[in-house]
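Visitor: this is a predicted model, with the sequence first.
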Amino acid sequence: MPVVDFIIPDYFTRIVTWKVSETNEDLLRILKLSKDRLSTYNLLTPKRKREYLGLRACLMALGLDNNVKYTDKGKPYVEGTYNISISHSHGMVCVGASSFQIGVDIELERNKKIENIKEKFVREDEFSFIPKDNQKDYLHIIWGLKEALYKIHQGNLWSFLNHYRVEPFKLNMDKNIICWITDNISSSKYFANYKKINNYYMAYVLNYGFGSSK
């Protein structure tokens, strides 16, 4: 079972990353899906089947597979215990579970693509702390953090440029990255971090329930 990464950022939070390299048949044998879940699985496209099995494998690794429920909008949760966040990218699945609000994102390293879209999600004050000799890591990390902020906030019409902000940080520092979600009335502070897993960038954001300002 290829759990490629398992981290515990704090006492209340666990994040697992799984490389879906097994065959579907092998995963089905490992997971032993119930009849209802097998019916759901059989209705999916081939790509979605792989993602579904990867998700179930991550939940199993977290010890939560039998406890997960879904809202009317399809958002997973564990009643009264954990908030759940899920991300997929090119065969990798990442699931975060926390007593706090959590958003996770995992992205395959794609330097040309991230360079082409950087003006759409990096603010001027964020460009100011990105070193010119290593833009690619910072661009991928900022993108991942803002994706995670978007998930934690469920901000369907919100802008990565105008509503999500990442404070200056340096690579490979063992400290949280401060992020903000801002509207015309107030700003809310979040604590985040990232990890490079092979050629993927995993980012996560946690809402510890303090740090808002008018």
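Guide: Happy to help now that I have it.
Visitor: which parts of this protein are helices?
Guide: Remark: helices of the chain, listed N- to C-terminal, are 24-31, 35-42, 46-61, 111-121, 124-127, 135-153; assignment by DSSP state H.
Visitor: mind putting the ones you listed into a markdown table with distance to Y164 and mean neighbour count?
Guide: (C-beta placed from N, C-alpha, C; glycine too.) Formatted as a markdown table, the helices of the chain follow (distance: least, Cβ to Cβ, whole Å; neighbours: other Cβ atoms under 10 Å):
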| stretch | distance to Y164 | mean neighbour count |
| --- | --- | --- |
| helix 24-31 | 35 | 14 |
| helix 35-42 | 33 | 12 |
| helix 46-61 | 25 | 19 |
| helix 111-121 | 8 | 13 |
| helix 124-127 | 10 | 14 |
| helix 135-153 | 5 | 23 |
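Visitor: where does this structure have low pLDDT?
Guide: Of all residues in the chain, those with pLDDT under 70 make up the ranges 1, 73-76, 156-157, 210-214.
Visitor: tell me which residue of it is furthest from the middle?
Guide: No residue in the chain sits farther from the centre than K35, which is 28.8 Å out by Cα atoms, centre = their mean.
Visitor: got a list of what that residue touches?
Guide: The contact partners of K35, taken as Cβ atoms under 8 Å, 6 or more residues apart in numbering, number zero.
Visitor: that one and N199, how far apart?
Guide: Look at K35 and N199: by Cβ to Cβ, to the nearest Å, they are 38 Å apart.
Visitor: measure the closest residue to L27 other than its chain neighbours to W158 for me?
Guide: Nearest residue to L27 in three dimensions, chain neighbours excluded: L53, at 4.3 Å (Cβ to Cβ, 6 or more residues apart in numbering). Separation of L53 from W158 (Cβ to Cβ): 32 Å.
Visitor: quick one: whichever strand in the chain runs longest to helix 135-153, angle?
Guide: Of all the elements of type strand in the chain, the one with the most residues (DSSP state E) is strand 187-197. Note on geometry: by axes from the mean of the first three to the mean of the last three Cα atoms, to 10 degrees, strand 187-197 and helix 135-153 are set 130 degrees apart in direction.
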